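Student: Predicted model and sequence follow; I will ask about them next.
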Amino acid sequence: ANEEYKKEVLGLVFDRLKTLKDLPLASDYFFAEQNPDLEMISKNKQLKKLEKSQLLDLLGKSIDKFEKVEDWNDDELQESLNQLLGETGQKPGILFQIIRISLTWAPFSPALNQTLRVIGKNESIKRLKNSFREIEKM
């Protein structure tokens with residue numbers, strides 16, 4: 001990753017760091033797709049209430065929505081996330097969690113629209129599709 005990208009990531013995660021030792025956990029997923037940890041879904045307070053088919057439906061609709069985003073910027077991505085809330089009838093605590101976990105396999109991340117933007121459209125969609133396949137196997 002180039003210096004500009006590293007600075008952008010550091011700017012996003014800086015507020016979440018207690019010490020520099022926290023940096024890898026807070027930022028690894030910006031640099032490489034992480035190994036799926038399906039317990040992050042099965043043990044998640046909100047997500048464990050959903051059937052696998054519901055999780056896949058939310059993820060599938062999210063992938064479809066993101067594939068149609070032309071200007072991959074914070075505002076457009078936030079608008080897409082808001083539209084997804086309306087279209088799915090889900091609460092942010094459920095919809096945004098399944099997207100965040102599928103994208104990062106991390107317990108937390110900066111604002112979801114910013115995380116998507118920095119990871120990039122192609123990489124974000126690829127990761128979401130890979131996670132979709134992993135959840136199918138649950």
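Tutor: Received the coordinates, thanks.
Student: rest of the way, CA atoms for contacts and neighbours
Tutor: OK.
Student: ok, the residue nearest to the spatial centre of the chain - contacts?
Tutor: The centroid of the chain falls nearest to residue 100 when counting by CA atoms, centre = their mean (2.6 Å). Residue 100 makes contact with 106, 108-109, 112, according to CA atoms under 8 Å, 6 or more residues apart in numbering.
Student: Residue 80 now?
Tutor: Here residue 80 is in contact with 65-66, 69 (criterion: CA under 8 Å, 6+ apart).
Student: Which of the residues you listed ranks first by neighbour count?
Tutor: residue 66 (22 neighbours; other CA atoms under 10 Å).
Student: where's it, which helix or strand?
Tutor: Following DSSP states H and E, one finds residue 66 within helix 52-67.
Student: Could you list the buried residues of that helix?
Tutor: Buried positions in helix 52-67, judged by neighbour count with 16 or more other CA atoms under 10 Å: 52, 55-56, 58-59, 62-63, 66.
Student: next structured bit after the helix or strand where residue 86 lies?
Tutor: Assigned by DSSP H and E, residue 86 belongs to helix 74-88. Remark: after helix 74-88, the chain's next helix or strand is helix 92-104, criterion DSSP H and E.
Student: quick check: mean pLDDT across that following helix?
Tutor: Averaged over helix 92-104, pLDDT sits at 97.
Student: same thing with stretch 129-138?
Tutor: 96.
Student: Mind giving me the packing neighbours of the helix or strand of the chain with the lowest mean pLDDT?
Tutor: Across the helices and strands of the chain, mean pLDDT, DSSP states H and E gives its lowest value to helix 23-31, namely a mean of 91. Contacts defined by 3 or more CA pairs under 8 Å, 6 or more residues apart in numbering; DSSP states H and E place helix 23-31 against helix 3-13, helix 112-119.
Student: Many thanks, I have nothing further to ask.
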